[in-house]
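In: model the following, please.
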Amino acid sequence: MTFVFLGLFIILMGLVVVASLRKPNKLIKLSIHVLGGVVGLWLMDLLLSVFTVEIPINVFTIILVALLGFPGVIVLTALQLIGI
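Out: Here you go, the predicted structure:
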């Protein structure tokens, strides 16, 4: 599973480089938004695992983060920390 997210991170970095070198179209902006949220969810889960707090990565959380981006990761982290 870690290799999947690592691959998505590499794709995200490539899209960010492409977007910075030329004017990005809507598809590149949407891809950066979605991949940024998914990779952010993985990184937040990885960092919080040190404190034994886990954010479940399932279809619901992936869809939520894909729609909201990184703010969705923050919302999921807050909900997990307060125990909802």
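In: residue contacts, residue 62?
Out: Residue 62 sits next to 38, 41 when contact means Cβ atoms under 8 Å, 6 or more residues apart in numbering. Where C-beta positions appear, they are placed from N, C-alpha and C, glycine not excepted.
In: quick one: low-confidence ranges for the protein?
Out: By pLDDT under 70, the weakly predicted segments of the chain are 1.
In: so how many other residues sit close to residue 41?
Out: Residues within reach of residue 41, counting by other Cβ atoms under 10 Å, total 23.
In: ugh, typo on my part, it should be residue 53
Out: Neighbour tally, residue 53, other Cβ under 10 Å: 13.
In: how about the contacts made by it?
Out: By Cβ under 8 Å, 6+ apart, residue 53 lies in contact with 80, 81.
In: how far away is it from residue 25?
Out: Distance, residue 53 to residue 25, using Cβ to Cβ, to the nearest Å: 38 Å.
In: ok, now residue 16?
Out: As judged by Cβ to Cβ, residue 16 and residue 25 stand 14 Å apart.
In: state which helix of the chain is the longest.
Out: Using DSSP state H to define each element, the chain has its longest helix at helix 26-48.
In: quick one: name whatever helix or strand follows it.
Out: Counting by DSSP states H and E, the element after helix 26-48 in chain order, helix or strand, is helix 59-68.
In: and that next one, how far out from the chain middle?
Out: 9 Å (Cα atoms, centre = their mean, to the nearest Å).
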